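K.L.:
Quick one, what's the 3D model for this:
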Amino acid sequence: MEYYTLLLPLALILVLSKTASVMLGRLGIPQVIGMIVAGIAVGLLGFIPSQTILTPAVEEGLSFLAKIGVVIIMFSAGLDTDLAKVKQTGAVATVVTVLGVVVPLGLGFGVAGAFFGFKDIYSCLFYGVILTATSVSVTVATLKELGKLDTKVGTAIMSAAILDDIIGIALLSLVIGLRGAGTGANTGLLGKVLARAGVAVAGAAEIWVVIANIVLFFGLAIGVGLVFRLLFKLLAVRHHHFRRVAIYAFALCFFYAYAAEAWFGVADITGAFIAGLLLSGLKDSSYIDRKADVSTYMVFGPVFFANIGITTMLQIARGEFSISSTFALFGLCFVAVGLLGKLLGCGVGARICRFGTKDSLRVGIGMMARAEVVLICTQKGVLAGLVSPSIMPFVLAIILLSSLLTPVLLKLTYRHEYVPREPADLQ
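P.N.:
As a prediction, the model looks like this:
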């Protein structure tokens, strides 16, 4: 591929992504939707006969940049994770998170099985895994506006969201790993050791090897990561806010992502997330995160989200993408259980922890919002062959509906407690 052929699509993606994100942001819609809309607009070029902008080589180049982008996005998500908040409400956060994961997972699994049968159990499971993801950025903004972020409800939501991400990423890796069992593709480090020792691994034994690889990865990643964390602490003392700190952090991110996928059969985004998690809470964490944000949202982030729209439109143009009436009905049910699963699971979890009925409802509503993580999980499932690409429009519907409903419903629950305050510059 002549590299310059990638430059025009990149220019279109960046201009349209920013324009669409700004316009939709004014309506309270997450920026990622704007980036996907930009991708859809660029993807319309695929309907032009004999067009030479979105060639197969350009598609491959955009896909490569998108994969780098998702690794950095998950690294940034790990950096943003504040484990100190979990300690403040550990028991409450744990109960809310567990039910907030189990209920959507079970509902997604059940709906997928009801429509497609339980023959491919891992596919059904992954539909449930998609629904475990959450994103409380919209919730945080709403609670800040209401002056309720530092309340018991706000703290519980923030803490539960942190644990939710960790558990969701672990489940993603587990299901993808187990689906690979039987193909010999995910036996990882332990599988190679056993093979060299002349021990045959097949059937149920391979499943246990996959699970052992995942456990080994998390154990080693955390154990070795504590050493890296200490080194970064020492580095920050001598070189506070130096670019070399951010460069070394990016190197750690890419190393963990590579090691996870290549050595343990664990999703690369899991490695990136763990790398970010290990560096969270350090003196230079916010500095590293700012550098990650710049790298992500200047190029890699827009390319990743826009590429979802581009790929979908190109598949439609080629006649490769279609939604049957059965899948459309499944999609609608999937959206419904996606919204209700978090509301019920997290709300019941809060009630078990002796929150009042209204506060429990607020926790459930606050945890209902979704954004980029659900898209990343879905894309991973599509690439792994676990879910149909046709699910993407319904995942986007979950993001849109939850982003619009969450602030409206939260404000309704606080309507008798919210007293609008004058802006600081008018006081």
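K.L.:
what comes up buried for stretch 258-271?
P.N.:
Within stretch 258-271, the residues scored as buried using 16 or more other C-beta atoms under 10 Å are 259-261, 263-271. All C-beta atoms are positioned from the backbone trio N, CA, C, and that covers glycine.
K.L.:
quick one: low-confidence ranges for this protein?
P.N.:
1, 86-90, 180-206, 239-241, 418-427 (pLDDT under 70).
K.L.:
show me the contacts for the residue nearest in space to the middle of it.
P.N.:
By C-alpha atoms, centre = their mean, the chain has its centre lying nearest to V373, at 1.7 Å. V373 makes contact with 77, 133-135, 165, 168, according to C-beta atoms under 8 Å, 6 or more residues apart in numbering.
K.L.:
Tell me, how many residues neighbour Y4?
P.N.:
Counted with other C-beta atoms under 10 Å, the neighbours of Y4 add up to 7.
K.L.:
contacting residues for it?
P.N.:
Y4 neighbours (C-beta under 8 Å, 6+ apart): none.
K.L.:
Could you do the one 5 residues further on as well?
P.N.:
Contacts for P9 were tallied using C-beta under 8 Å, 6+ apart; they are 42, 53-54, 58, 62.
K.L.:
Drop anything exposed from these.
P.N.:
Buried by 16+ other C-beta under 10 Å: 42, 54, 58, 62, out of those.
K.L.:
Mind telling me what element the third one is part of?
P.N.:
In other words, V58. Applying DSSP states H and E as the criterion places V58 in helix 56-79.
K.L.:
Distance from the chain centre to that helix, please.
P.N.:
Its chain's average C-alpha position is 13 Å from that of helix 56-79, according to C-alpha atoms, centre = their mean, to the nearest Å.
K.L.:
ok, now stretch 140-160?
P.N.:
Using C-alpha atoms, centre = their mean, the offset of stretch 140-160 from its chain centre is 21 Å.
K.L.:
before we move on, what about stretch 8-17?
P.N.:
The chain centroid and the centroid of stretch 8-17 are separated by 23 Å under C-alpha atoms, centre = their mean.
K.L.:
and that stretch, which residues are buried?
P.N.:
Result for stretch 8-17 [16+ other C-beta under 10 Å]: buried residues 9-10, 12-14, 16-17.
K.L.:
again, but for stretch 135-146
P.N.:
For stretch 135-146, burial by neighbour count (16+ other C-beta under 10 Å) applies to 135-136, 138-140, 142-143, 145-146.
K.L.:
Out of these, which sit inside helices?
P.N.:
Secondary structure from DSSP state H places 138-140, 142-143, 145-146 of those in helices.
K.L.:
hang on, I68 packs against F300?
P.N.:
Yes. At 5.7 Å, I68 and F300 qualify as touching, with contact defined as C-beta atoms under 8 Å.
K.L.:
the more surrounded of these two?
P.N.:
F300 (20 against 17).
K.L.:
Tell me how many other residues surround the closest residue to the more buried one other than its chain neighbours.
P.N.:
Among residues not flanking F300 along the chain, G69 sits closest, at 3.2 Å (C-beta to C-beta, 6 or more residues apart in numbering). Residues lying near G69 (other C-beta under 10 Å) number 23.
K.L.:
wait, which of the ones in helices among the buried residues of stretch 135-146 is closest to K233?
P.N.:
For those, the residue nearest K233 by C-beta to C-beta is V140; the value is 28.0 Å.
K.L.:
Compute the number of surrounding residues for the closest residue to the closest one other than its chain neighbours.
P.N.:
In space, and not counting its chain neighbours, V140 is closest to L149: 6.5 Å by C-beta to C-beta, 6+ apart. For L149, the neighbour count with other C-beta under 10 Å is 17.
K.L.:
which residues of the stretch 101-250 of the chain fall in helices?
P.N.:
For the stretch 101-250 of the chain, the helices defined by DSSP state H, counting those that start in this stretch occupy 121-130, 137-146, 152-180, 188-196, 204-238, 243-264.
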